[in-house]
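1. Let's see this in three dimensions:
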Amino acid sequence: MLIEVAYAGVNFAEVQHRRGEFGEPDGHGGYDVPGLEVSGKVVALGTGARGPAVGERVAAYLPAFAAYLPAFGGAEFAVADKDFVRPVGALPLAHAAGVPCVCPTGYGVLADAGRLRDGETVLIHAAAGGIGSAAARIARALGANLVQGTVGSAEKRELAGALGYDALFDREGFAASVLEVTGGRGVDLVLDPVGGPVRRASLEVLAPFGRVVVYGDLGRHDDWTADVWDLWKNSRSVAGYNIGTCPLALAENRLQVAIEAGEQIPHQRKPVAQ
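-> Numbers count the residues shown, from 1 in each chain. As a prediction, this is how the structure comes out:
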């Protein structure tokens with residue numbers, strides 16, 4: 001489907017791509033337009049394509065950075081696989097652009113990699129970030145009993161306060177706070193996009209059979225090796241999640257869930273400079 005782009009979602013993945021961590025650009029003229037998720041309206045359908053009609057307002061996940069069409073106005077038009085396009089209903093387009101990649105990732109780290117079960121407890125690092133904003137609500141919808149988060153600043157704490165967390169902690173020294181709130185038991189699942197010392201400390205707050213799901217390295221820390229003896233002796237585990245390596249059918253199934261979840265997430269509009 002050809003989509004006239006109204007808004008594009010730009011996340012940490014675009015920053016990583018700019019750094020060269022995903023390899024060389026392979027778009028038109030050796031340049032990739034950032035934005036793995038967009039919103040706008042359908043302006044043309046490919047042969048045999050079914051789904052949203054021409055003129056319908058949609059959101060789309062673009063698994064590759066080369067989906068935009070420079071020949072038709074730079075980032076103003078994008079080609080999307082029909083399986084990754086969904087109508088947005090009453091969801092504002094500015095909000096919808098932040099859903100197709102972020103919300104399926106939030107669902108994936110919780111349900112697919114994290115194996116979250118009804119009644120379990122969750123700790124989400126970077127609680128006010130894109131994934132954190134979505135994961136707090138999705139965790140609740142999946143049956144989490146207690147949803148906690150960590151933030152790196154007072155400003156982020158204020159933003160995360162509107163997202164439905166039961167408790168928020170400063171990232172520095174969070175482990176003691178988590179253990180206090182849980183009566184020393186710890187949590188069943190930790191979502192960690194930060195890395196480094198935060199990742200190490202996350203293992204220490206896991207309840208028996210608890211899981212840490214890794215889905216980023218915002219802190220750009222040196223890599224580390226988990227102590228297998230520690231994992232074994234304490235019945236802990238570490239998993240990873242990257243939406244870019246998930247089977248496409250799985251990502252497709254998560255997109256409708258994402259659109260529905262996106263309707264429940266508070267959002268703000270700010271100038272790019274902020």
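2. CA atoms for contacts and neighbours, from now on please.
-> Noted.
3. ok, and residue 41, which helix or strand is that part of?
-> Applying DSSP states H and E as the criterion places residue 41 in strand 37-44.
4. What pairs with the next helix-or-strand element following that strand, parallel or antiparallel?
-> With elements assigned by DSSP H and E, the helix or strand that comes after strand 37-44 is strand 57-61. Strand 57-61 pairs in its sheet with strand 37-44 (antiparallel), strand 85-87 (antiparallel), by DSSP bridges.
5. ok now strand 57-61, how far from the chain's centre?
-> The chain centroid and the centroid of strand 57-61 are separated by 16 Å under C-alpha atoms, centre = their mean, to the nearest Å.
6. Repeat that for stretch 6-21.
-> For stretch 6-21, the distance to the chain centre is 13 Å (C-alpha atoms, centre = their mean).
7. List the buried residues for that stretch?
-> 6, 7, 8, 9, 10, 11, 14, 17 (16 or more other C-alpha atoms under 10 Å).
8. My understanding was that the last one contacts residue 26; is that so?
-> In other words, residue 17. No: with contact defined as C-alpha atoms under 8 Å, residue 17 does not count as touching residue 26 (11.4 Å).
9. Low-confidence bits of this structure, can you list those?
-> 27-28, 65-74, 247-274 (pLDDT under 70).
10. which residues in it form strands?
-> 2-9, 37-44, 57-61, 77-79, 85-87, 121-124, 146-151, 167-170, 187-192, 206-214, 237-240 (DSSP state E).
11. can you redo those as CSV with distance to residue 230?
-> Listed next are those as CSV, based on distance: least, C-alpha to C-alpha, whole Å:
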stretch, distance to residue 230
strand 2-9, 39
strand 37-44, 39
strand 57-61, 39
strand 77-79, 47
strand 85-87, 44
strand 121-124, 20
strand 146-151, 24
strand 167-170, 25
strand 187-192, 16
strand 206-214, 12
strand 237-240, 10
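12. most packed of the strands paired with strand 57-61?
-> strand 37-44 (a mean of 24; mean count of other C-alpha atoms under 10 Å).
13. how about it as CSV, C-alpha atoms only?
-> Listed next in CSV are the C-alpha coordinates belonging to strand 37-44 (Å, rounded to 0.1, in the frame of the first residue of the first chain):
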residue,chain,number,x,y,z
GLU,A,37,6.3,3.6,12.0
VAL,A,38,4.0,6.1,10.3
SER,A,39,0.5,7.3,10.2
GLY,A,40,-1.4,8.9,7.3
LYS,A,41,-3.9,7.9,4.7
VAL,A,42,-3.9,5.3,2.0
VAL,A,43,-3.5,6.8,-1.5
ALA,A,44,-3.0,3.6,-3.6
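14. looking at it, residue 215 is touching residue 241, isn't it?
-> Yes: in this structure, residue 215 is within contact of residue 241 by C-alpha under 8 Å, at 5.1 Å.
15. Among these two, which residue is more densely surrounded?
-> Taking other C-alpha atoms under 10 Å, residue 215 and residue 241 do not tie; residue 215 has more neighbours (21 against 18).
16. list the contacts for the more buried one?
-> By C-alpha atoms under 8 Å, 6 or more residues apart in numbering, residue 215 lies in contact with 109, 191, 192, 193, 240, 241, 242.
17. From these, keep the buried residues only.
-> 109, 191, 192, 193, 241.
18. Which parts of the stretch 101-250 of the chain are helices?
-> In chain order, the stretch 101-250 of the chain shows helices spanning 102-107, 130-141, 154-160, 174-181, 197-204, 228-233, 248-262, with DSSP state H, counting those that start in this stretch as the criterion.
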